[in-house]
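Student: model this:
(chains A and B)
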There are 2 protein chains.
Amino acid sequence: MKDASRNAELPIGIFDSGVGGLTVLSALRARLAGEHYIYLGDTARLPYGTKSPDTVIRYSAQASRRLVEQGVKLLVVACNTASAAALPDLRRLYSPLPVIGVVEPGAQAVCRLLAPKQGERHILVMGTESTIRGGAYTRAIRALRPDARITGLACSLLVPLAEEGWMDGPIVENVIRRYLEQLDGEAGRPLDCIVLGCTHFPPLAASIAAVAGPGIPMIDSAVTTAEAVEAELRKSGLLRPKNKEETGRPLRFLTTDAPERFARTGGLFLDIRLAPEEVELVVI
Amino acid sequence: MKDASRNAELPIGIFDSGVGGLTVLSALRARLAGEHYIYLGDTARLPYGTKSPDTVIRYSAQASRRLVEQGVKLLVVACNTASAAALPDLRRLYSPLPVIGVVEPGAQAVCRLLAPKQGERHILVMGTESTIRGGAYTRAIRALRPDARITGLACSLLVPLAEEGWMDGPIVENVIRRYLEQLDGEAGRPLDCIVLGCTHFPPLAASIAAVAGPGIPMIDSAVTTAEAVEAELRKSGLLRPKNKEETGRPLRFLTTDAPERFARTGGLFLDIRLAPEEVELVVI
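Tutor: Residues are numbered from 1 along each chain as shown, chains lettered A, B, ... in the order given. The predicted structure follows:
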């Protein structure tokens, strides 16, 4: 118990391919205000979403090792692509460190939303090429709701659009329309919910709604991931209370390339302003 | 002389961040049909164009080392971003191996085109964020034509659009329009030529012309790069004649990730079909 109380002081590590995972950091800070956080964005090698599973696993292991070396009490894999491809490997590599991804919490959020509704439901998962091809969301949702009808849609271009800061307007909507038009026939049936299966997509939610039509609920796994982190910390006695006095820096940011770019584009995804001096460069 | 004749049998190495440099390979094969070629696309870490100069230099050195290790008689840096950021480092690292980039040949092509015209001329250079920010094209053109008026325009999104195979249609044209609209006031003056300062852009040339207006000449450095390679090989007695009998594989392709993706998207940039089995995976 003494050990746990000392470890509770350690930060939570958050790993992402870039800045998109900062939406998960925001949800964590909103829910677990007493915690310290250290965030690493592997911007030197992004995007992960168009790369092969082997490469995603290798990059994820190398990048999250940098966080583990800093001393963290829990690792959050905030990148959907890395969660979908690399979670079993990361858990094995860093055992007994708890490692939490965003796919399972996303699947739980879907099932919670659809729970009151009987019968087959149609769920659209939008993600990167790698996430969709790997089928991790389909497996995770089906494990909880075997009767779900799940359509995966790779929307690779939405990542660079969001990175460029083009979050709305006719170009973004036309790109989304072109992807959604691929859902012909059976797959084009009315949708009961849309999973935003990439951390870059929540800022595009309004544009997606404008194209997909109003009233379709959208799932962003940031909030349910924060819930899963809280449950895990509570279970292991590692929660750091909200009112505890500060003993270190509550927030640290690491990036593998160009701190000034991280600060600039990161500001689009985070609820605080970031100065380039606050972002530390680490070379992998 | 004996040494040179033995070395003439070695392949020409071509390095690019991905598949865009295959347009340079096509131009080389059209001009130097007797040569053998070995092409490496660093797809595990693309794109280079949004990354910092330090990272681009490091990646370029690691990736081109793989080509140099295979034994090449000349190294072509087919990636504009790598040419702009890393050429002096690569020349120093692999001296006395001749290393030829695409920026200087591109600048020569501009000046050849504009040579008959007197007075200040307005040149638009379209490239990646890194290429434009580094200013290598501006320096190379101005060295040859000091009175040139040069405007650089970072068009980062055109790279993933071309990678997605979206080469024409309203979405591509609207993206191009949004970039060109940034050329307000002085920079918006009539253009005398457009430099396609990224190997991903030549397949988008028709869409660029549709937006920029007809009759503006476009410069793609592939052809002048092939001329520069021929001149260098001729000078050093390393040219392999067209009619010489085959002694090895005339074409080899290496990629640092996902051979099947390389074969698929590579087909959009090359004049031959590629099967995934023809593409070798190398891990860096």
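
Student: pretty sure residue A:228 contacts residue A:103?
Tutor: No. Taking contacts as Cβ atoms under 8 Å, residue A:228 lies outside contact range of residue A:103: 10.9 Å. All C-beta atoms are positioned from the backbone trio N, CA, C, and that covers glycine.

Student: neighbour count: those two, which is higher?
Tutor: Counting neighbours by other Cβ atoms under 10 Å in any protein chain shown for residue A:228 and for residue A:103 shows that residue A:103 has the greater number, 28 against 19.

Student: run through the residues that contact that one.
Tutor: The contact partners of residue A:103, by Cβ atoms under 8 Å, 6 or more residues apart in numbering or on different chains, come to A:80, A:83, A:84, A:87, A:136, A:137, A:140, A:197, A:221.

Student: give me the buried positions along stretch A:238-247.
Tutor: A:238, A:239, A:240 (16 or more other Cβ atoms under 10 Å in any protein chain shown).

Student: let me fix that: stretch A:85-103
Tutor: For stretch A:85-103, by 16+ other Cβ under 10 Å, it's A:85-87, A:89-91, A:93-94, A:97-103.

Student: how about stretch A:198-213?
Tutor: Here stretch A:198-213 shows A:198, A:199, A:200, A:201, A:202, A:203, A:204, A:207, A:208, A:209, A:211, A:212 as buried, counting by 16+ other Cβ under 10 Å.

Student: go on, stretch A:115-130?
Tutor: Here stretch A:115-130 shows A:121, A:122, A:123, A:124, A:125, A:126, A:127, A:128, A:129, A:130 as buried, counting by 16+ other Cβ under 10 Å.

Student: again, but for stretch A:46-65
Tutor: For stretch A:46-65, by 16+ other Cβ under 10 Å, it's A:46-53, A:55-61, A:63-65.

Student: next one: stretch A:227-238
Tutor: Buried, per 16+ other Cβ under 10 Å, within stretch A:227-238: A:227, A:228, A:229, A:232, A:233, A:238.

Student: chain neighbours aside, what residue packs nearest to the second one?
Tutor: By that I understand residue A:228. Leaving out its chain neighbours, the residue that sits closest to residue A:228 by Cβ to Cβ, 6 or more residues apart in numbering or on different chains is residue A:105, at 4.7 Å.

Student: so where does that neighbour fall, helix or strand?
Tutor: Assigned by DSSP states H and E, residue A:105 belongs to helix A:103-114.

Student: which parts of that helix are buried?
Tutor: Result for helix A:103-114 [16+ other Cβ under 10 Å]: buried residues A:103, A:104, A:105, A:106, A:107, A:108, A:109, A:110, A:111, A:113, A:114.

Student: for stretch A:258-267, same thing?
Tutor: A:258, A:259, A:261, A:262, A:263, A:265, A:266, A:267.

Student: please tell me how far the closest residue to the fourth one other than its chain neighbours sits from chain B.
Tutor: Going back to what we said before, that points to residue A:262. Setting aside the residues directly before and after it, residue A:262 is nearest to residue A:255 in space (Cβ to Cβ, 6+ apart), at 4.2 Å. For residue A:255, the distance to chain B (Cβ to the nearest Cβ, to the nearest Å) stands at 10 Å.

Student: partners of residue A:255 in the sheet?
Tutor: residue A:41, residue A:281 (DSSP bridges).

Student: show me what contacts it?
Tutor: Contacts of residue A:255 (Cβ under 8 Å, 6+ apart): A:40, A:41, A:42, A:43, A:262, A:279, A:280, A:281, A:282.

Student: does the fifth one touch residue A:253 like I think?
Tutor: This points to residue A:262. Yes. Here residue A:262 lies in contact with residue A:253, judged by Cβ under 8 Å, at a distance of 7.0 Å.
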